[in-house]
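1. Take this sequence and fold it.
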Amino acid sequence: MNSIELFSGTGGLALGLQLSGFDHTALYEWDKDSCDNLNYNIQHGYPAIRDWKVYQTDVRTVHYDGYTGKIQLVAGGPPCQPFSLGGKHQAYNDKRDMFPEAVRAVREVRPKVFIFENVRGLLRKSFSEYFNYILLQLQHPEIIKAENMTWIEHLALLEKHHTAGHEDGLSYNVVFRLLNAADYGVPQIRQRVIIVGFRSDFNASWAFPEPTHSQDALLYSKWISKDYWDEHDMKAPSDVPLTKAKIKAVQKSVEEGLCPTLRWQTVRDAIGDLPDPTKPYDIARFHNHEHRPGAKTYAGHSGSLLDEPSKTIKAGAHGVPGGENMVVLDDGSVRYYTVRESARIQTFPDDYLFSASWTESMRQIGNAVPVKLAAAVGQSVYDQMERMMKNGSKK
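-> The predicted structure is shown next:
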């Protein structure tokens, strides 16, 4: 099934969707460094992406002529700074808000399905009216905002069209959910809003995939069965940081099948087999694993614990990333994640390389969608589309 992707960044979402079975016809991204990294991996023969065509361009200039009827999926992560908890929160007053371009792509391409990703700040109470506006535009992409119309006036027009129950024209059945990447095998607490829409002339009957991993299963493995420590050839700590009531609740949850049986993945799971970057190692075997000195802790600036999922990897828009991009080692000292460690936390494969500087690579990785999260959602959508085509589920 063919797809196009907007705002591709360094390729996390694209890789996950490729693993799901989608074939990317085109990837659009304005940032030169991100495009350079995508092309670097294509040119160095990374499997399955050699046919990707990467276009460094402003999506506002893209014409989608020729895609209609040929593209089943439009995907992307419209720039999140307008909604990010770390940004200025301007939303519709922010020129970086690219959701109108996502809507235009859907309107012109008319895909069977779309998948858009954004930060959890999109669900902030102060943005609720605008988020509703985004959803209505995606549901009815042909109800276009006139040049002299305010977004509030366009919202009213969309509301009238939506409540009138019109069945003519292009429309989509749209759902969204706040997902925690840790619940899908990513070794990181990373909450992202995923918006999925199926064209309304198909009886999709789709729901988000159920979580596969759980915190309770991790707690059980660490403090009840102690399997976690055995896996890492470590002695279990003598102090159990759980109350008796909590232990009982976790035991009930796991042993009675009330939670996913796979445990959350930790930083140690993700990077434990990598060599210490502060000591000599085989550079040819471990790419992007150079040590970056200078990590410090202070109030509000602490690292991730080895035996928990990582804190959310950040893009570091203000220079050197903050404490979220540090790891606390077994001796209590801290250091910055290497680029390769950060890539593993974001579930990029080891043979997917990062060609820019440490700072630029960390920015690209911090802005990416975790590959495993993208694959989990993408596989569910792909499987549903295959069932739809097999059963002829068009209305």
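
2. Got the domain ranges for this structure?
-> 2-211+370-391, 213-367 (automatic domain parsing).

3. First-to-last residue distance for the last one?
-> Yep, that's domain 213-367 we're talking about. One end of domain 213-367 sits 23 Å from the other (C-alpha to C-alpha, to the nearest Å).

4. That domain: how far from the chain's middle?
-> Computed by C-alpha atoms, centre = their mean, to the nearest Å, the chain-centroid distance of domain 213-367 equals 17 Å.

5. now do stretch 52-64
-> On the basis of C-alpha atoms, centre = their mean, stretch 52-64 sits 21 Å off its chain's mean C-alpha point.

6. ditto for stretch 160-178
-> 25 Å.

7. that older thread, tell me which of the domains of the chain sits most buried.
-> domain 2-211+370-391 (a mean of 18; mean count of other C-beta atoms under 10 Å). No exception for glycine: its C-beta is placed from N, CA and C like everyone else's.

8. Let me see the contact set for residue 388.
-> By C-beta atoms under 8 Å, 6 or more residues apart in numbering, the contact set of residue 388 is 112, 202-204, 394.

9. hmm, back to that, want to throw the domains of the chain into TSV with mean pLDDT?
-> As requested, the domains of the chain are exported to TSV (pLDDT from 0 to 100):
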stretch	mean pLDDT
domain 2-211+370-391	92
domain 213-367	93
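
10. Just grab the bridge partners of the residue lying closest to residue 6 once chain neighbours are set aside for me.
-> Closest residue to residue 6 apart from its sequence neighbours, by C-beta to C-beta, 6 or more residues apart in numbering: residue 76 at 3.5 Å. As for beta bridges, residue 76 partners with residue 6, residue 116 under DSSP bridges.

11. which residues does residue 11 contact?
-> Counting by C-beta under 8 Å, 6+ apart, residue 11 touches 27, 37-38, 41, 49, 352, 368.

12. Not counting whichever helix or strand residue 216 is part of itself, show me its contacts.
-> Per DSSP states H and E, residue 216 falls inside helix 215-223. For helix 215-223, contacts defined as C-beta under 8 Å, 6+ apart pick out 182, 227-229, 236, 240-242, 246-247, 250-251, 253-254, 258-264, 266, 307.

13. can you check stretch 165-180 too?
-> Residues contacting stretch 165-180 (C-beta under 8 Å, 6+ apart): 106-107, 110, 114, 120, 123, 135, 138-142, 189-200, 204, 206-208, 211, 373, 377.

14. Quick check: the gap between residue 282 and residue 353.
-> Residue 282 sits at a distance of 16 Å from residue 353 (criterion: C-beta to C-beta, to the nearest Å).
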